[in-house]
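Asks: this one's structure only:
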């Protein structure tokens, strides 16, 4: 497998779910995002799955002639969870290597509603940004208020001084996937000295 991702426009990393049991409106939104990213000439980087929001995202982008790169652990491909029709599938040894490869590949991150795996990926990205290791845009799609409890929790963390109030600017929330592209373009630069206030 070729480990290099060839950029077309931005390389937009999308965190999303593989569940086929959630409300189909979440899959529909993932498909809209895939379509919009492909039409804008961006390369999609994602977890490599074929079902749920992952599959909807990839299929819609491919239908528009977009480039889709999946990064998936070998054990998941062995369970036949991998999408076989995407532009490129990169195999890694484990979940930790997958997350590291994803972040290294990304020019921006979009997080859709999902489960524990999506949350883990998002928090890995936020922690890296807090430390100044990933200074790029992070957009959270708060579809149907899905992430309202998360924003309340993060706000409480700031109130209790586990995080600096500046850390609330690490992400930008949108209610609709149609607003993602504008949010990426409008994202303010993250300070180069972010590690200086990482522990405040």
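Replies: It's in. No experiment lies behind these values; they were computed from the predicted model shown.

Asks: you'd agree residue 157 is up against residue 163?
Replies: Yes: using CB atoms under 8 Å, residue 157 makes contact with residue 163 at a distance of 4.7 Å. C-beta coordinates here come from the backbone N, C-alpha and C atoms, glycine included.

Asks: Please say which of those two ends up with more neighbours.
Replies: Ranked by neighbour count (other CB atoms under 10 Å), residue 157 and residue 163 place residue 163 first, with 21 against 14.

Asks: Residue 101: which element?
Replies: Remark: residue 101 resides in helix 95-105, with elements defined by DSSP states H and E.

Asks: what's in contact with that helix?
Replies: 3, 5, 11, 13, 45, 47, 69, 71-73, 90, 92, 120-121, 124-125, 128, 134 (CB atoms under 8 Å, 6 or more residues apart in numbering).

Asks: and residue 148, what does it touch?
Replies: residue 142.

Asks: Relative to residue 52, how far out is it?
Replies: 22 Å (CB to CB, to the nearest Å).

Asks: Residue 18 too?
Replies: 4 Å.

Asks: And the worst-scoring helix or strand of the chain on mean pLDDT, what's buried?
Replies: Lowest on mean pLDDT, DSSP states H and E among the helices and strands of the chain sits helix 74-78, with a mean of 91. By neighbour count on 16 or more other CB atoms under 10 Å, the buried set for helix 74-78 is 76, 77.

Asks: Helix or strand next in line after that helix, which one?
Replies: Next element after helix 74-78 (DSSP H and E): strand 88-92.

Asks: how far off helix 95-105 does that next one point, in degrees?
Replies: 130 degrees (axes from the mean of the first three to the mean of the last three CA atoms, to 10 degrees).

Asks: tell me the mean pLDDT over strand 88-92?
Replies: For strand 88-92, mean pLDDT is 96.

Asks: What values do phi and psi take at residue 142?
Replies: The phi and psi values for residue 142, taken as degrees, to the nearest 10, are phi -90, psi 60.
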